[in-house]
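**Student:** Okay, predicted coordinates and the sequence, questions at the end:
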Amino acid sequence: MKKLVLTSLLILAAVFIFAAGQTETSDGAWAPDRDVQWYCTSSPGGGSSIFTQSIIEIIKTEGLVDQEILINYKTDGGGAVGRREVSGKGNDTTILTFNNGDLQPLVQIEGGDLDNFTPLAVMATDGQVLLVPADSPFKTAKDFIAAAEGGKRIIMGGSKGDDVNLFNKIKEQVGGDLEYLMSDSTGDALTQILGGSIEVVIAKPAASIAFVESGDLRPLMVATRDRLNDPFDAPTLKELGYDIELTVYRGIVGPKDMSDEAVAFWSDIFGKVAATDQWKDGYLKKKILNGNHLPANEAIGYMQAFEDIYTAK
Amino acid sequence: METLQLLLGGFVTALSLQNFLAAGVGAILGILVGAMPGIGSLAGVALLLPLTFKFEPITGIIMLSAIYYANMYGGSYSAILLNIPGDTPAVMTGLDGHPLAKQGKPGKALFTSNIASFIGGTIGIIILTVIGPGLARFGLKFGPVEMAALIFVAMTSLGWLLGDNPTKGIITTLFGILLATMGFDSVIGTPRYDFGSIYLLGGVPFIPLVIGIFGFSQVIEMMELRNKKKGFDTEKLTLKDSLLTKDEIKRILPPSIRSSILGTFIGVLPGAGATTGAFLSYMQEKKIGKNGHLLGTGRVEGVAAAESGNNSAAAGAFAPLLSLGIPGSGTGAVLLGGLMMYGLNPGPLLFQNQPEFTWGLIASLYIANVITLAIAIMIIPSLIKILKVPVGIMIPLITTICIMGSYSANNSLYGVIMMLAFGVVGFMLKKYGYPIAPLLLAYVLAPTLEKNFRQALQISDGSMAIFFQKPIAAVLIGFFLLTLVSPIIKMVIGKIKTKK
């Protein structure tokens, strides 16, 4: 045991020294000098984690960043803890997956705003889809709406943030006795619908496509402006006559005092990722998202527009 | 039959030299990481994940699985020897393991732990092989209503832990629940009891709590008693004395098998993992075991129940992961991330689309388990020597481990402060005879109960009738009510009999 403890200590010490002792590269341009901590505030299996992992995979295959990139899943407190850690304690090698599902609770519950972070990129826009189990009595969107308008109690579920937002809009406009069970990620919500605890789930195409392809779930309607591609070809809420159209952007931010050099570096890296075929075909097309890459300087305004919507309420 | 064929094919994949080596290296690393307090399997797998990217997908995943597995072995070592659980599933192991070590039988405790881990792992994997996908589908049936009912049943077993003075036991239980409510409300997502502190927003972290309340509290105790207390009885610390007698093996077999079956099932359930598996297995043994009432005083049965419970739960957690692409635990989640990194699409079609991969992984779990057992038994003799270290050196050593462990749990000094605070709390509790186990059990189960109970009532619009409308929940609640009223019925019958 003594040997064991000693060896373990040595390994640990080595890791710490390695992490702390490396100096900046000398050729002027900034590059990460240690392992990159990439925070993701939703649990694995959901849209945010698939997004994060897809980018890291491309960075690895293209060899864009020399250091290792570690994903840190911090789902505590609906993501608030992870967000505060990045904004408060982050440095140039700390980045955070940040979509409007994160921005909304930040602004509305936690009393923060975009000034706590430095936007680095917007990568894509995602849609939301309402799914039911294969054997659900809701054959079409119209069945669901008729049931809701008829005052039937319907148990729905989904992830945090943007999914709650969509639910509230549906409840407001369609009406009825709708109830929402909030999960930590779309992955957890899918568990609930597969087990029959909820009747309708709000999910992102990326996280639910495997279950649609396997025939476990089928799409009822979508909340995007236009119809999505197969297998998510279902009527939009607009088509059905409701003024509901939500866009989920998927972006990346760093802590508020990230250095300009680091911002430039990361913005450049994500631009390169967005230009690869692996991104366009392997992620966007396969997971049914729209490419919408914006570099750091444009991402700020884009995200700010969303913040204005959330603060207006 | 087809299953068997696929499995054999899997063995061919897993037994290639590099995969075999990967499993071995994974086992060693896993034991090391598991034995270090604070770095649980979650952190262990996450830390070592990047290491495996250079391998073929199957090799990488085999190594990760071996790490995950071996962690459960390693976690119990520090719990038994130092009373500092290496990670949370080992908390229950320490309850009987450390008293055994104090009685001069650390070897027996370690040996039992290894054997029970092996049995748990093996049974877990066998169940996974035979009915994995079906079991995963069944696990899905455990929605909020069923989970709440299950936790109700589990909570009744708290009574068995309260000890001689029920009032004190109830006080620590309530204290555990109170601690668990800090942080964010899990249903509507608003801050609760955070006192305006960023740190408390995340709640009270479990690992520093455990390290403090078990590990650091005994440092204080040692300092208090340093002149009076004699060290461990270390005369007979040889490998031969570590081996279990026939009688002892007979004693640990039934609890191991019982716990393994329960543990596998718990591992499959959404949101429950190895920690809950170990807790519930230990409780089950306490309730129905032949020597259940003696558990907690240093019984090999207790170690066996806890260890086979957590290892089988670790295996069970692979079922939803592989057959549905849904992680059953935090570590499973990181493994899932690993699968996706390799370009695999975990989901309901993985078994169909990638049979070579999934069966290779299952076969490698068998192999990883055997290799880990062999390595674990080999290091017992060097492990037990740690007890020969004099108290004067032990105090700074344990303190260092406590600080390091609580720091690395969240990479922040907040963990260390919490650990120190709970060290003092733990010392006071022990000194005044308040049992600690109910506190931890309440802390682990309360958040699951709260979230599921509230969601269940959300579904039913506030009506308690929902617990009787769903078949699984109704059975569980029936069992729960029976447990509650059975002592009263027994008492009444007893009174009638004495009157006659």
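**Tutor:** It's in.
**Student:** When you work out contacts or count neighbours from here on, use the C-alpha atoms and nothing else.
**Tutor:** OK.
**Student:** List the contacts of B:Tyr73.
**Tutor:** Residues near B:Tyr73 by C-alpha atoms under 8 Å, 6 or more residues apart in numbering or on different chains: B:31, B:34, B:113-114, B:117, B:376.
**Student:** Dead centre of chain B: give me the residue that sits there.
**Tutor:** Taking C-alpha atoms, centre = their mean as the criterion, B:Pro89 is the residue nearest the geometric centre of chain B, at 2.2 Å.
**Student:** In contact with that one, which residues?
**Tutor:** Neighbouring residues of B:Pro89 by C-alpha under 8 Å, 6+ apart: B:72, B:75, B:274-279, B:310.
**Student:** Export those residues to TSV and append columns for pLDDT, distance to B:Pro396 and neighbour count.
**Tutor:** Listed next are the contacts of B:Pro89 as TSV, based on pLDDT from 0 to 100; distance: C-alpha to C-alpha, whole Å; neighbours: other C-alpha atoms under 10 Å in any protein chain shown:
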residue	pLDDT	distance to B:Pro396	neighbour count
B:Met72	78	26	33
B:Gly75	82	21	33
B:Ala274	79	31	31
B:Thr275	83	29	27
B:Thr276	84	32	23
B:Gly277	87	33	32
B:Ala278	89	30	33
B:Phe279	87	30	27
B:Asn310	88	30	40
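**Student:** which stretches of the stretch 101-250 of chain A form strands?
**Tutor:** Applying DSSP state E, counting those that start in this stretch to the stretch 101-250 of chain A gives strands spanning A:117-126, A:129-133, A:153-158, A:177-182, A:200-203, A:217-222, A:248-255.
**Student:** got TSV for the ones you listed, with distance to chain B and mean neighbour count too?
**Tutor:** TSV is the format used below for these (distance: least, C-alpha to the nearest C-alpha, whole Å; neighbours: other C-alpha atoms under 10 Å in any protein chain shown):
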stretch	distance to chain B	mean neighbour count
strand A:117-126	17	26
strand A:129-133	13	26
strand A:153-158	6	22
strand A:177-182	6	21
strand A:200-203	13	28
strand A:217-222	11	26
strand A:248-255	16	26
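**Student:** Please produce CSV containing the ones you listed, extended by distance to B:Ala27 and mean pLDDT.
**Tutor:** Converted to CSV, the strands of the stretch 101-250 of chain A look like this (distance: least, C-alpha to C-alpha, whole Å; pLDDT from 0 to 100):
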stretch, distance to B:Ala27, mean pLDDT
strand A:117-126, 39, 93
strand A:129-133, 41, 95
strand A:153-158, 38, 94
strand A:177-182, 38, 92
strand A:200-203, 38, 95
strand A:217-222, 39, 94
strand A:248-255, 36, 93
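**Student:** In JSON lines, list those strands along with distance to B:Phe357.
**Tutor:** Shown next, in JSON lines, are those (distance: least, C-alpha to C-alpha, whole Å):
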{"stretch": "strand A:117-126", "distance to B:Phe357": "31"}
{"stretch": "strand A:129-133", "distance to B:Phe357": "28"}
{"stretch": "strand A:153-158", "distance to B:Phe357": "31"}
{"stretch": "strand A:177-182", "distance to B:Phe357": "34"}
{"stretch": "strand A:200-203", "distance to B:Phe357": "28"}
{"stretch": "strand A:217-222", "distance to B:Phe357": "25"}
{"stretch": "strand A:248-255", "distance to B:Phe357": "32"}
